[in-house]
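1. Got a sequence here, can you model it:
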Amino acid sequence: MERWLEVKVQVLPAAAEAAAEILRMCGAPNGVVVDEQPEAVTITAYYPRDERLEGRLTRIEQELAAVEARIGACRLGELHLRAVSEDSWINNWKPYFQITPVGRHFVIKPAWKDYTARPGEVVLDIDPGAAFGSGTHHTTALCLAALEKLIRPGMQVVDVGTGSGILAIGAVKLGAGSVQAVDIDSTAVRQAQANLTRNGISKQVTVREGDLLTGTDGQFDLIVANILADIVISMLPDVPGKLKTGGRFLTSGIIVERQEDVVTAARQAGLHLLNVTTSGGWVALVFEAEHHA
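-> Coordinates of the predicted model:
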C-alpha cells in the first residue's frame, strides 16, 4: 500500500504564503515544498494515509476558500492528489534541497552532497528524511540566525518539535553544552538521531518522543520551538517555569499575521518580547521571562 498522499495546489504569488501555511498546519510532517514561478506558485505537501486524512483534506479546502473570500480568487485549479510511497516523496523534494548558507556562519549541507568547509563556517550535515527541517524554510533559517546571537558556551537548551534535529545540531556546534530534543512524531525522533550521529554530536543531545515541554528535565538557558503559532500559544504558560534566570525563548513557525496573537499570549504568560526578525512573510520572536529581568 502507498502510505502517503501527495497534495499539490497552484496559486497566484500573492496567496503563496497563506497557502503554504495552510498545507503545513494541516499536518504535513515534513513541511511543504514551494516551487515559485513568475506567474504561479505550486505548493506540495505529503500526508500519511491514515484515519485523519479525510479531515485534513476537508480543512485544507475550507481554509483555502476562506483565503479566497478574503483576497479574491487565487487558486489555479483544484487540489491535485496522488498516492505515493515514502521513498518516492522523499526523493521528489531532494532537488529543492541544495547547499545553503544561513546566517553569518552556518552552511546547510544535504547528506548526499559533498562540501568542503571554509574557515569560520559551521556545516550542518542534514538528511531531513520524513521529518520537517531541511533548513531552507524561512522559519528554520530565522531560528539558526537567532541561535548565532543567543548561544553561549555550555548553555543548556531544549528544542521543542525538533524535526530533523537541525536546530539542536546548530546549537551544539555553536557551543551549547547539552540539548534535550523533543518531537511528538516517532519518525522525526529516528531521523533526528540519525542526523546527530552523522554530525558526530549524539553524546551532547538527547532525543525523545514527547509532547512539547512535558517530561523535559530541569530548567534551561534557552528554549527553542519552531512550530505553528497555535501550538506555540498552547505551550506558552509552561515556558517561564522552564527558564533559568536570564533564560530566553526563541520561537518561529509563525506567519507575520499571527505575530500579535503570539506576543499577546506570551505577555499574558509573563514573557516580554526582546527581538523580532522576519523573512518571506514569517517571523521569529525572542522572549525573556519578566521576573528574570
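2. drop to CA atoms for contacts and neighbour counts, all remaining ones
-> Noted.
3. how about the strands in this protein?
-> Using DSSP state E, the strands of the chain run over residues 4-11, 33-36, 41-48, 80-84, 100-102, 106-110, 122-126, 156-160, 178-183, 205-209, 220-226, 243-255, 271-279, 282-289.
4. quick one, which of these is nearest to residue 193?
-> strand 205-209 (6.6 Å; Cα to Cα).
5. what separates the closest one from the chain centre, distance-wise?
-> Counting by Cα atoms, centre = their mean, to the nearest Å, strand 205-209 is centred 17 Å from the centre of its parent chain.
6. Stretch 229-238 too?
-> Distance of stretch 229-238 from its chain centroid, counting by Cα atoms, centre = their mean, is 15 Å.
7. Equivalent analysis for stretch 276-290, please.
-> Computed by Cα atoms, centre = their mean, the chain-centroid distance of stretch 276-290 equals 13 Å.
8. Check which residues of that stretch are buried.
-> 278, 282-289 (16 or more other Cα atoms under 10 Å).
9. pLDDT of that stretch, averaged?
-> Stretch 276-290 carries an average pLDDT of 89.
10. Stretch 218-225 too?
-> Stretch 218-225 comes out at a mean pLDDT of 94.
11. if we look at that stretch, which residues are touching it?
-> Residues from elsewhere that reach stretch 218-225 (Cα atoms under 8 Å, 6 or more residues apart in numbering): 155-162, 232, 239, 241-252.
12. sorry, back to before: quick one, which of the strands of the chain is packed in tightest?
-> strand 156-160 (a mean of 27; mean count of other Cα atoms under 10 Å).
13. tilt between it and strand 243-255?
-> Angle, strand 156-160 to strand 243-255, by axes from the mean of the first three to the mean of the last three Cα atoms, to 10 degrees: 30 degrees.
14. Compute the inter-axis angle for strand 156-160 and strand 220-226.
-> 20 degrees.
15. what packs against strand 156-160?
-> In terms of contacts (3 or more Cα pairs under 8 Å, 6 or more residues apart in numbering; DSSP states H and E), strand 156-160 is packed against helix 166-173, strand 178-183, strand 220-226.
16. who's in contact with the longest one?
-> With contacts defined as Cα under 8 Å, 6+ apart, helix 166-173 is touched by 122, 124, 126, 133-135, 140, 143-144, 147, 151, 157-159, 162, 178-181, 192, 195-196, 199, 201, 204-205.
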